[in-house]
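S.K.: How does the following fold in three dimensions:
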Amino acid sequence: MFISRLKSVKHIIPIFVILVLVSCTVPKPMPTTAPISEQSPANPQVTVIPRESRPNIVLIIADDLDLRLGTIATMPNLQKLLVHQGLSFDNFYVTDSICCPSRSTFLRGQYVHNHTIYTNVYPTGGFQKFFEDGLEASTLGVWLQPAGYKTVLLGKYLNEYPSKSDPLHVPVGWSEWYSPIKGKPYSGFNYALNENGQEVFYGDAPEDYITDVLTRKTLDFIQRASAESQPFFVYFSSFAPHEPPKAAYRHRDLFQDARAPQTPSFNEADVSDKPSWIQGDPLLTDEEIIALNELYIERLQSMQAVDEMISQLIQVLQETGTLENTYIVFTSDNGYHLGQHRLKNGKGSAYLEDIQVPFVIRGPGVPQGDSLKGYVTGNIDFAPTIADLAGIIPPEFVDGRSLAPLFADNRPGLTDWRDGLLFEYFREEKNNSDQESRRGVELISYIPDADYGIFEPFEQLIGLPTGLIVPYRGIITAQYKYVRYEDDTVELYNIQADPFELENIAPTTDPVKLNNFSNWLDLLSACAGADCRELDRSPQ
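M.R.: Sure, this is the predicted structure:
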């Protein structure tokens, strides 16, 4: 069943609104400040392979960070310390280009149709559904603890976290936990963190900027874990550059001359080959382009504190003697568009700006300063990769593949890797009675302004956009991207010859070829576990 989302607003409005409402219906476990690892039994779903030592792992995951609009090129520490010292994956895609479904995939290694976190909001998605469905019982954090890992999550967890009934909930699998539960974390200031079961408030002083606070806690965690000679897993989840992107005070004068990249698909002149919900969009106005430029500048500014975090991370890893035994991954939960195909600002579409994200890894045995081209990879592969590196056989429900073989000089050939990756997008169907009961609990909803926001009911601020993205499923290969929408519209792009997706070749393609893609899509859309790793090979 396809399920409609509200956030993929294509039209710039005078204010940006981000909402996280919180449910009253989640049962309340007993709060605790003790390390979660002391409370959790060994996970029977995983097999721990005996090893003398295990590597440390650090994940840095940005929120709505583009790959194709040049933001990462403005991050000198990322370029110097990770890109030039690691391996970049040129063909890395998310299986759903919105936050909560994608983050659920990162944590469990499953396609969206298998973990069933279809959207950002309850009842079709969000934290409450993740909790109620029991998915917290088997995530990457849970898998790593039986292998002796000290684990920590810092920053954004899942949309609609926490619940009203238990705002201090700490999921199993995490030795330490630092995630916002109140206030305006997207604005960078005036928020409260759940710090291992205790609420701690941060104000609007420069040192309270959320990326800096999370960075300090990350460095302290690494120092303590290193002193204990315990392998560690860090899940560092920034709120940047999610709208409204708010930079640290020290970065707010940067990039004043930057402009949103006007790629060949920017404000596309002819959209007659695009889906009907795009065909009805007028060309961007000069005022709208100016607004996109301003938003782009703010996005660049907001990522500078994350870039500084990377430098500080490397320094502490060197000081603790753990750098040479640490894998560091940098990526994003989804991409972002700014004017491509007349879509103003947002995510959720099937275009490459939204589904393709940065993925860089540095660590033992990883080629330095290299890029991997032609190998179709995605966020379903992250969890099984980390499990593989840590010496763990993950649960059978995992759909993805370990990327570790691709680090080797004798990596498998392209013909021995997957041919295609599934991506999906569903529609939110809100439960009105439940939504009404949750409306008053606006822990992370706000209107941004010069004072970092005021609280207002979401429904009073924004109506439905005039053009909602129609739900879809698709397959991406090294050469083609095939998309079938719920209304039976079909798009096919030769992304090697047409990387900006200017010409939908579906109308001129041999019907047999289209039918092959359609049948393959049906198979992948119903796959689970090991079958997904068989069916991602082209039947053509």
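
S.K.: quick one: least confident helix or strand in this structure?
M.R.: helix 432-438 (a mean of 34; mean pLDDT, DSSP states H and E).

S.K.: C-terminal to that helix, which secondary structure element comes first?
M.R.: Using DSSP states H and E, the helix or strand that follows helix 432-438 in sequence is strand 472-477.

S.K.: Pull out the buried residues from stretch 469-486.
M.R.: Buried positions in stretch 469-486, judged by neighbour count with 16 or more other Cβ atoms under 10 Å: 469-478, 480-485. To be clear about C-beta, it is placed using only N, CA and C from the backbone, and glycine gets the same treatment.

S.K.: Contact partners for the residue nearest the centre of the chain?
M.R.: Central residue of the chain (Cα atoms, centre = their mean): residue 333, 1.0 Å from the mean position. Neighbouring residues of residue 333 by Cβ atoms under 8 Å, 6 or more residues apart in numbering: 61, 62, 63, 64, 94, 99, 102, 103, 106, 357, 379.

S.K.: swap the cut-off to 6 Å and go again
M.R.: Residue 333 sits next to 99, 102, 103 when contact means Cβ atoms under 6 Å, 6 or more residues apart in numbering.

S.K.: Switch the residues you listed over to TSV; also include secondary structure and neighbour count.
M.R.: Output for those, formatted as TSV (DSSP: H, G, I helix; E, B strand; the rest coil; neighbours: other Cβ atoms under 10 Å):
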residue	secondary structure	neighbour count
99	helix	24
102	helix	26
103	helix	26
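
S.K.: Can you tell me the closest non-neighbouring residue to residue 519?
M.R.: Leaving aside its sequence neighbours, residue 519 sits nearest to residue 539 (Cβ to Cβ, 6 or more residues apart in numbering; 7.0 Å).

S.K.: for the one you found, helix, strand, or coil?
M.R.: Assigned by DSSP: H, G, I helix; E, B strand; the rest coil, the conformation of residue 539 is coil.

S.K.: Could you check how far it is from residue 478?
M.R.: Applying Cβ to Cβ, to the nearest Å, the value for residue 539 to residue 478 is 16 Å.

S.K.: Equivalent analysis for residue 67, please.
M.R.: 16 Å.

S.K.: Then residue 300?
M.R.: Distance, residue 300 to residue 478, using Cβ to Cβ: 30 Å.

S.K.: Over to residue 265?
M.R.: Distance from residue 265 to residue 478, by Cβ to Cβ: 20 Å.

S.K.: ok, now residue 371?
M.R.: Taken as Cβ to Cβ, the span from residue 371 to residue 478 is 14 Å.

S.K.: Poorly predicted segments of the stretch 151-300 of the chain, please.
M.R.: Counting by pLDDT under 70, the stretch 151-300 of the chain contains no low-confidence segment.

S.K.: again, 90 this time
M.R.: Along the stretch 151-300 of the chain, segments meeting pLDDT under 90 span 164.

S.K.: Could you do the chain as well?
M.R.: Judged by pLDDT under 90, the stretches of the chain that qualify are 1-45, 164, 408-410, 427-469, 539-540.

S.K.: State the phi and psi torsions of residue 480.
M.R.: phi -120, psi 160 (degrees, to the nearest 10).

S.K.: Please apply the same query to residue 483.
M.R.: phi -130, psi 130.

S.K.: ok, it - contacts?
M.R.: 350, 472, 474, 491.

S.K.: mind running it again at 7 Å?
M.R.: Under the criterion of Cβ atoms under 7 Å, 6 or more residues apart in numbering, the neighbours of residue 483 are 350, 472, 474, 490, 491.

S.K.: Now the first one: closest residue in space, sequence neighbours ignored.
M.R.: On the basis of Cβ to Cβ, 6+ apart, the spatially nearest residue to residue 350 that is not a chain neighbour turns out to be residue 483, at 4.7 Å.

S.K.: same question, the third one
M.R.: Spatially, and ignoring its direct neighbours in sequence, residue 474 is nearest to residue 483 (3.8 Å; Cβ to Cβ, 6+ apart).

S.K.: Look up the residues forming beta bridges with that neighbour.
M.R.: Here residue 483 sits in beta bridges with residue 474, residue 491, going by DSSP bridges.

S.K.: Roughly how far does it sit from residue 198?
M.R.: For residue 483, the distance to residue 198 - Cβ to Cβ - is 46 Å.

S.K.: could you show me where the helices are in the chain, in order?
M.R.: 76-77, 99-108, 112-115, 126-132, 140-144, 210-227, 276-279, 286-302, 304-319, 352-355, 382-390, 432-438, 511-525, 530-535 (DSSP state H).

S.K.: Just the CA atoms of the longest one, as CSV, please.
M.R.: Right, helix 210-227. Provided in CSV are the C-alpha atoms of helix 210-227 (Å, rounded to 0.1, in the frame of the first residue of the first chain):
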residue,chain,number,x,y,z
ILE,A,210,24.1,21.7,19.1
THR,A,211,26.8,20.4,16.7
ASP,A,212,29.5,21.7,19.1
VAL,A,213,27.8,20.1,22.1
LEU,A,214,27.5,16.8,20.3
THR,A,215,31.2,17.1,19.2
ARG,A,216,32.4,17.6,22.7
LYS,A,217,30.4,14.6,23.9
THR,A,218,31.8,12.5,21.1
LEU,A,219,35.4,13.3,21.9
ASP,A,220,34.8,12.6,25.6
PHE,A,221,33.2,9.3,24.8
ILE,A,222,36.2,8.2,22.6
GLN,A,223,38.7,9.2,25.2
ARG,A,224,36.9,7.2,27.9
ALA,A,225,36.4,4.1,25.7
SER,A,226,40.0,4.2,24.6
ALA,A,227,41.2,4.4,28.2
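
S.K.: mind checking how far it is from the chain centre?
M.R.: 22 Å (Cα atoms, centre = their mean, to the nearest Å).

S.K.: Now do that helix against helix 286-302, angle only.
M.R.: With axes from the mean of the first three to the mean of the last three Cα atoms, to 10 degrees as the basis, helix 210-227 and helix 286-302 are set at 30 degrees to each other.

S.K.: and the angle from helix 210-227 to helix 304-319?
M.R.: Going by the same axes, to 10 degrees, helix 210-227 makes 10 degrees with helix 304-319.

S.K.: what does stretch 60-78 rub up against?
M.R.: Here stretch 60-78 has contacts from 99, 106, 156, 236-242, 255, 261, 299-300, 303, 306-308, 310-311, 329-336, 338, 347, 352-353, 356-358, using Cβ under 7 Å, 6+ apart.
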